[in-house]
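1. let's see this in three dimensions:
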Amino acid sequence: MKVPPVYLHALGMINALGGNLDEIVPALAAARAPGMGPAHTGIGDAFVGSVLAPLDLAPRADLARYDCRNNRLLLAALAQIAPAIDAARERYGSERIGVVLGTSTSGIEAAETAFVYHAQAGELPDNFNYRQMEIGTAAPFAAAALGVQGPAFTISTACTSSAKAFASARRLLQLQLCDAVVVGGVDSLCELTVQGFASLESTSGARTNPMSRNRCGINVGEGAAVFLMSRDEAAVRLAGLGESSDAHHISAPDPQGVGGELALRGALADAGIAASAVGYVNLHATATRKNDEMEAQLMARVFPGGVAASGTKPLTGHQLGAAGATELGFVWLALARENATLPPHCWDGEADPELPALDLVEDARRLPHGAGPQYAMSNSFAFGGSNVSLILAR
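-> Here you go, the predicted structure:
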């Protein structure tokens with residue numbers, strides 16, 4: 001049976017670049033991220049990607065128990081695609097619209113704040129509810145806030161969480177279980193992730209420096225990115241998807257990137273294209289020693305003729321559960337917007353001579369125009385050897 005294609009119709013986004021697409025698009029092109037710097041959220045000494053936009057949109061009264069920074073980030077992104085969701089609900093009915101979201105830490109920041117209060121006052125604050133910190137809360141909360149009643153579930157696979165959400169959302173559509181799906185990811189800054197990565201000696205005290213000989217670690221970030229996906233034809237199609245799990249190590253990637261390569265080649269096969277058809281790749285590019293080494297090697301094998309590529313985490317921080325959706329959002333913007341430039345690769349320009357050379361986007365470049373579809377890829381790799389590659393087509 002031939003499965004129907006699926007399309008990405010609308011994008012809502014909030015991160016260290018800005019509070020909406022009108023702010024994010026020019027900031028991304030200019031490589032200017034106001035939220036990158038010392039922590040603004042009460043976290044200890046760290047260089048992070050903070051959302052500076054006001055999070056004024058709170059859950060309505062009947063959902064007040066879910067009110068936390070993580071869910072406010074999610075609401076801010078959802079509000080940007082509300083017209084598309086409303087139109088889908090009107091067309092299909094609320095029971096035919098699903099929600100699939102990725103997150104890594106959900107609202108653990110709310111629990112950290114509550115526990116500090118408890119240590120001082122001997123009791124939890126009145127506004128704290130366990131639902132705020134549950135890892136699985138994001139999607140059911142979003143479904144309730146949006147008034148949709150289709151399947152709603154949250155995926156948590158560390159840094160591939162929201163990338164894997166697109167695989168699940170596509171399956172819901174192709175199996176005719178939904179007619180539209182709200183899909184994406186959200187994560188908020190918290191001590192757990194910042195101090196956790198610091199304990200692994202994986203954080204950088206300055207802006208992260210991917211693919212450089214001087215790279216020394218990540219900046220943790222926060223944000224949300226959500227799409228409306230459906231079978232209705234649109235300008236940008238989810239053309240290919242590859243997933244793998246090499247289970248090499250609980251936190252370190254397979255040095256040769258065997259599992260990652262399987263994901264990339266799986267996405268190419270799913271899209272039915274050769275690697276040479278891809279015009280741009282958004283790299284995972286965490287700027288840790290081991291991740292960049294692995295990724296540079298597998299990129300050189302999969303794209304022996306080279307391909308324009310960039311890592312955008314210096315402009316957002318590593319958003320963990322929201323990273324995959326955010327970076328696919330940058331790919332979508334490059335395809336969906338006329339004359340859009342490719343996301344720049346921000347680094348010190350000092351290539352690591354031990355890594356294969358990549359064609360990193362350092363100047364204003366656009367996808368090459370041709371007679372047929374244009375393709376661009378986004379890659380995500382996570383703890384435990386979870387790997388996802390997504391290909392979009394215009």
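
2. quick one, what contacts Gly240?
-> 267-273, 375, 377, 389-391 (Cβ atoms under 8 Å, 6 or more residues apart in numbering). Just so you know, the C-beta spots here come from the backbone N, C-alpha and C atoms, and that holds for glycine as well.

3. which of those residues sits closest to Leu283?
-> When those are compared for distance to Leu283 (Cβ to Cβ), Met377 wins out at 9.4 Å.

4. which residue, other than its chain neighbours, is closest to that closest one?
-> Counting by Cβ to Cβ, 6 or more residues apart in numbering, Val281 is the residue found nearest to Met377 once chain neighbours are left out, at 4.6 Å.

5. then Leu73?
-> In space, and not counting its chain neighbours, Leu73 is closest to Ala224: 4.4 Å by Cβ to Cβ, 6+ apart.

6. quick one: what helix or strand has the one you found in it?
-> Assigned by DSSP states H and E, Ala224 belongs to strand 223-230.

7. what packs against that strand?
-> strand 6-14, helix 69-80, helix 82-92, helix 161-174, strand 180-187, helix 323-336 (3 or more Cβ pairs under 8 Å, 6 or more residues apart in numbering; DSSP states H and E).

8. do that again at 10 Å, thanks
-> Strand 223-230 makes packing contacts with strand 6-14, helix 69-80, helix 82-92, strand 97-102, helix 161-174, strand 180-187, helix 323-336 when contacts are defined by 3 or more Cβ pairs under 10 Å, 6 or more residues apart in numbering; DSSP states H and E.

9. can I have the buried ones of the contacts of Gly240 as a ChimeraX selection?
-> Per 16 or more other Cβ atoms under 10 Å, the buried members of these correspond to this ChimeraX selection:
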select :267,268,270,271,273,375,377,389,390,391
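
10. quick check, nearest of the contacts of Gly240 to Leu78?
-> Out of the contacts of Gly240, the member with the shortest distance to Leu78 (by Cβ to Cβ) is Leu390, at 20.8 Å.

11. my read: the closest one touches Phe330, true?
-> No: judged on Cβ atoms under 10 Å, Leu390 makes no contact with Phe330 at a distance of 11.8 Å.

12. overlap in contacts, those two.
-> 282, 376, 378 (Cβ atoms under 10 Å, 6 or more residues apart in numbering).

13. any chance of these in a markdown table, with distance to Ser245 and neighbour count too?
-> A markdown table is the format used below for the shared contacts of Leu390 and Phe330 (distance: Cβ to Cβ, whole Å; neighbours: other Cβ atoms under 10 Å):
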| residue | distance to Ser245 | neighbour count |
| --- | --- | --- |
| Asn282 | 21 | 28 |
| Ala376 | 24 | 26 |
| Ser378 | 18 | 28 |
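
14. turn the residues you listed into TSV, including secondary structure.
-> Listed next are the shared contacts of Leu390 and Phe330 as TSV, based on DSSP: H, G, I helix; E, B strand; the rest coil:
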residue	secondary structure
Asn282	strand
Ala376	strand
Ser378	strand
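
15. out of the residues you listed, which one sits closest to Ala325?
-> Nearest member of those to Ala325, counting by Cβ to Cβ, is Ser378, at 9.3 Å.

16. state the distance from the closest one to Ile218.
-> Using Cβ to Cβ, to the nearest Å, we find Ser378 at a distance of 18 Å from Ile218.

17. ok, now which ones touch the residue nearest to Leu73?
-> Applying Cβ under 10 Å, 6+ apart to Ala224 gives the contacts 12-15, 51, 70-78, 80, 101, 103, 138, 162, 184-188, 319, 321-322, 325-326.

18. same for the helix or strand of the chain with the lowest mean pLDDT, what does it pack against?
-> The helix or strand of the chain with the poorest confidence is helix 191-199; it has a mean of 87 (mean pLDDT, DSSP states H and E). Here helix 191-199 touches strand 47-49, helix 108-121, going by 3+ Cβ pairs under 10 Å, 6+ apart.

19. quick one: it to chain centroid distance?
-> Remark: helix 191-199 is offset 19 Å from the chain centroid, using Cα atoms, centre = their mean, to the nearest Å.

20. cool, and stretch 173-186?
-> Worked out by Cα atoms, centre = their mean, stretch 173-186 lies 17 Å from the chain centre.

21. end to end on it, go ahead and measure it.
-> Taking Cα to Cα, to the nearest Å, stretch 173-186 runs 22 Å from one end to the other.

22. buried residues of that stretch, list them for me.
-> 173-174, 178-186.

23. one more: stretch 339-348?
-> 340-347.

24. relative to the whole chain's centre, how far out is it?
-> With Cα atoms, centre = their mean, you get 17 Å for stretch 339-348.

25. same thing with stretch 378-387?
-> Using Cα atoms, centre = their mean, the offset of stretch 378-387 from its chain centre is 12 Å.

26. just the CA trace of that stretch, in CSV.
-> Below are the C-alpha coordinates for stretch 378-387, written out as CSV (Å, rounded to 0.1, in the frame of the first residue of the first chain):
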residue,chain,number,x,y,z
SER,A,378,18.4,17.9,9.9
ASN,A,379,20.3,15.5,12.1
SER,A,380,19.9,14.7,15.8
PHE,A,381,22.0,12.3,18.0
ALA,A,382,21.3,11.5,21.7
PHE,A,383,22.5,9.7,24.8
GLY,A,384,22.2,6.0,24.5
GLY,A,385,22.9,5.9,20.8
SER,A,386,19.5,7.3,19.6
ASN,A,387,19.9,8.8,16.1
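
27. what sits opposite the closest residue in space to Leu74 that isn't next to it in sequence in the beta ladder?
-> Leaving aside its sequence neighbours, Leu74 sits nearest to Val186 (Cβ to Cβ, 6+ apart; 4.4 Å). Counting by DSSP bridges, Val186 forms beta bridges with Ala224.

28. pLDDT at Val186, what is it?
-> Predicted confidence (pLDDT) for Val186: 98.

29. in this structure it contacts Gln319, no?
-> Yes: checked against Cβ under 10 Å, the pair Val186 and Gln319 is within contact range at 8.6 Å.

30. quickly list what's touching both of these two.
-> Applying Cβ under 10 Å, 6+ apart, one finds that Val186 and Gln319 are jointly contacted by 73, 103-104, 161-162, 222-225, 325-326.

31. just give me the closest of those residues to Lys290.
-> Closest to Lys290, out of all of the shared contacts of Val186 and Gln319 and judged by Cβ to Cβ, is Ser104, at 19.1 Å.

32. lovely, talk soon.
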